[in-house]
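Novice: This is a predicted model, with the sequence first.
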Amino acid sequence: MRDILGRPVREALSSLPADAPRPRVVETSAPVRHAPDKREGTLRVVACRDGVWIAARFLDRPPREKEGQ
């Protein structure tokens with residue numbers, strides 16, 4: 001398997017051989033008060049362990065401006 005760390009989850013999954021078992025993807029995020037919408041950003045693979053991929057979201061663009069600033 002090619003190096004998948006840092007790659008978008010969809011891209012990493014599509015690079016797996018057709019007969020390879022699909023890993024379970026677990027999404028994680030830092031516990032931050034007043035965090036922006038956790039659905040924003042690109043879901044990227046940050047760790048792989050025993051058939052489980054840990055993924056986190058990263059903003060690949062500047063964050064949106066908050067209203068009232």
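Specialist: Received the coordinates, thanks. Numbering: from 1, shown residues only.
Novice: drop to CA atoms for contacts and neighbour counts, all remaining ones
Specialist: Fine.
Novice: number of nearby residues for the spatially closest residue to R57 that is not a sequence neighbour?
Specialist: Taking Cα to Cα, 6 or more residues apart in numbering, and ignoring the residues beside it in sequence, R57 has L43 as its nearest neighbour in space, at 4.3 Å. By the criterion of other Cα atoms under 10 Å, L43 has 20 neighbours.
Novice: Now do the contacts for L43.
Specialist: Listed by Cα atoms under 8 Å, 6 or more residues apart in numbering, the contact partners of L43 are P8, V9, A55, A56, R57, F58.
Novice: Quick one: classify it as helix, strand or coil.
Specialist: Per DSSP: H, G, I helix; E, B strand; the rest coil, the local secondary structure of L43 is strand.
Novice: out of the contacts of L43, which are inside helices?
Specialist: Taking DSSP state H, the ones among these that sit in helices are V9.
Novice: how about the strands in this protein?
Specialist: Counting by DSSP state E, the segments of the chain that form strands are 24-28, 42-49, 52-58.
Novice: partners of the last one in the sheet?
Specialist: Neighbouring strands of strand 52-58 in its sheet, by DSSP bridges, are strand 24-28 (parallel), strand 42-49 (antiparallel).
Novice: Show residues contacting it.
Specialist: 9, 23-29, 38-48.
Novice: Which entries within the residues you listed meet the buried criterion?
Specialist: V9, T42, L43, R44, V45, V46 (16 or more other Cα atoms under 10 Å).
Novice: These: which two are farthest apart?
Specialist: T42 and V46 (11.9 Å; Cα to Cα).
Novice: nearest to D3, of the strands paired with strand 52-58?
Specialist: Nearest of the strands paired with strand 52-58 (Cα to Cα): strand 42-49, 10.3 Å.
Novice: I'd like the average pLDDT over that closest one.
Specialist: Mean pLDDT, strand 42-49: 93.
Novice: And it, how far out from the chain middle?
Specialist: Distance of strand 42-49 from its chain centroid, counting by Cα atoms, centre = their mean, to the nearest Å, is 5 Å.
Novice: Restricting to C-alpha, output it in PDB.
Specialist: Below are the C-alpha coordinates for strand 42-49, written out as PDB (Å, rounded to 0.1, in the frame of the first residue of the first chain):
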ATOM      1  CA  THR A  42     -10.700  18.100   4.000                       C
ATOM      2  CA  LEU A  43     -10.900  14.900   5.900                       C
ATOM      3  CA  ARG A  44      -7.300  13.600   5.900                       C
ATOM      4  CA  VAL A  45      -5.700  10.400   7.200                       C
ATOM      5  CA  VAL A  46      -3.500  11.100  10.300                       C
ATOM      6  CA  ALA A  47      -2.900   7.600  11.600                       C
ATOM      7  CA  CYS A  48      -3.300   3.900  10.700                       C
ATOM      8  CA  ARG A  49      -3.600   1.100  13.200                       C
END
